[in-house]
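Undergrad: A structural model of the following input is requested.
(one chain, ligands or ions: 1)
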Amino acid sequence: MASAGPKIGVIVCSTRTPRACPQIANFVIETIKPASLPTPPNLQPASLTVIDLQEQNLPMFNESAVPSQIHSYTEYDHAHTQSWSQEIQRYDAFIFVTPQYNWGYPAALKNAIDYLFHEWKGKAAMIVSYGGHGGGKANAQLKQVLQGVRMRPIEKTVELAFPTRELLAKASGGGDLELVSGSGMWSAQEGSIIEAYRELLEAVSADVVSL
Ligand SMILES: Cc1cc2nc3c(=O)[nH]c(=O)nc-3n(C[C@H](O)[C@H](O)[C@H](O)COP(=O)(O)O)c2cc1C
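TA: Coordinates of the predicted model:
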C-alpha cells in the first residue's frame with residue numbers, strides 16, 4: 001500500500017487588507033498541481049494546504065520561554081501559541097509565499113516564525129517572493145532566518161516581479177492580477193516554480209520514505 005504523501009503547508013505571509021498574497025499563493029498551487037508531478041514509488045501525491053497568517057492573527061511575540069527550550073505545545077503560556085504550534089506540527093514541509101516590504105519580509109512573518117522552534121526544525125522549505133523586482137532581498141533574508149530555526153530551505157528560489165508600476169499598484173490594492181496558469185503575467189516563471197517544487201518534493205519525500 002502506498003504511504004501517505006507529504007503534507008505541505010503553503011504560508012500566506014501578508015496580513016494586510018487588501019493584499020495580493022492569497023491570489024499569488026493560489027497561482028503557485030495551481031502551477032504545481034501535485035498530481036501532475038511524478039512522486040516516488042509507494043508514496044501518494046503531496047497535499048497542499050493554505051496557512052493564512054492573517055487568520056492566525058498572532059499578537060506580537062509574548063511567550064515567557066525561549067521556544068527552542070520548549071518540547072511540547074502544552075508548555076507554551078498562551079492558547080494562541082499552542083494552536084499555532086499544533087497547526088505547524090501537521091506539516092512535513094512549507095512553501096512561504098511572501099511579499100517584500102522595505103527590502104525585507106513582513107514583520108508578521110518573523111513574528112510567526114519566532115513563536116516556535118522544534119515545530120519548524122528539520123523541515124524542508126521553498127520560498128516564493130514577489131515585488132517590484134521580485135523581492136529578492138526578502139527571499140534571501142527569509143532563507144537565512146529559516147536556517148536559524150534549523151529548517152532546510154531548498155537551493156532554488158522563486159522571485160516573481162510585477163512587470164509594470166501599474167501592476168504593482170494593482171497588487172497593492174488587492175486587484176485581480178489575472179494569474180492564469182499558462183497565459184498570465186508570470187507564465188514565463190511557471191517553469192522555475194515547478195523546478196523549485198520538484199526540489200522541495202525530493203527533499204521531503206526522502207524524509208517521508210525514511211520514516
Ligand atoms: C510596507 C510596504 C513596503 C513595501 N516595500 C516594497 C519593497 O521594498 N520592494 C518592492 O518591490 N515592493 C514593495 N512594496 C510593494 C509590494 O510589493 C506590493 O504592495 C505588494 O502588493 C505587497 O504584497 P501584499 O499586497 O500581498 O501585502 C511594499 C509594500 C508595502 C505595503
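
Undergrad: residue of the protein closest to the ligand, please.
TA: Residue of the chain nearest the ligand, by Cβ to the nearest ligand atom: Gly131 (2.8 Å). All C-beta spots, glycine's among them, are computed from the backbone N, C-alpha and C.

Undergrad: that residue contacts Pro163, doesn't it?
TA: No: judged on Cβ atoms under 8 Å, Gly131 makes no contact with Pro163 at a distance of 11.9 Å.

Undergrad: how about Gln56: what's its closest non-neighbour residue?
TA: Trp84 (6.0 Å; Cβ to Cβ, 6 or more residues apart in numbering).

Undergrad: next one: Glu30
TA: Closest to Glu30 by Cβ to Cβ, 6+ apart is Ser181, at 5.0 Å.

Undergrad: and that neighbour, what's its pLDDT?
TA: The confidence metric pLDDT takes the value 81 at Ser181.

Undergrad: can you give me phi and psi for it?
TA: phi -60, psi 130 (degrees, to the nearest 10).

Undergrad: same question, Pro67
TA: Listed backbone geometry of Pro67 is phi -60, psi -30, with angles given as degrees, to the nearest 10.

Undergrad: thinking again about what came up before, counting neighbours, what do you get for the residue nearest to Glu30?
TA: For Ser181, the neighbour count with other Cβ atoms under 10 Å is 16.

Undergrad: cool, the one 3 residues further on as well?
TA: With neighbours defined by other Cβ under 10 Å, the count for Gly184 comes to 16.

Undergrad: got a pLDDT number for it?
TA: The predicted local confidence for Gly184 is 92.

Undergrad: go on, the one 10 residues further on?
TA: Among the per-residue scores, Ile194 shows a pLDDT of 95.

Undergrad: Ser129 touches Gln141, doesn't it?
TA: No: contact criterion Cβ under 8 Å: Ser129 and Gln141 do not qualify, at 9.6 Å.

Undergrad: between those two, who's got more neighbours?
TA: Ser129 (28 against 19).

Undergrad: phi, psi for the more buried one please.
TA: Torsion angles at Ser129 (phi, psi; degrees, to the nearest 10) stand at phi -110, psi 160.
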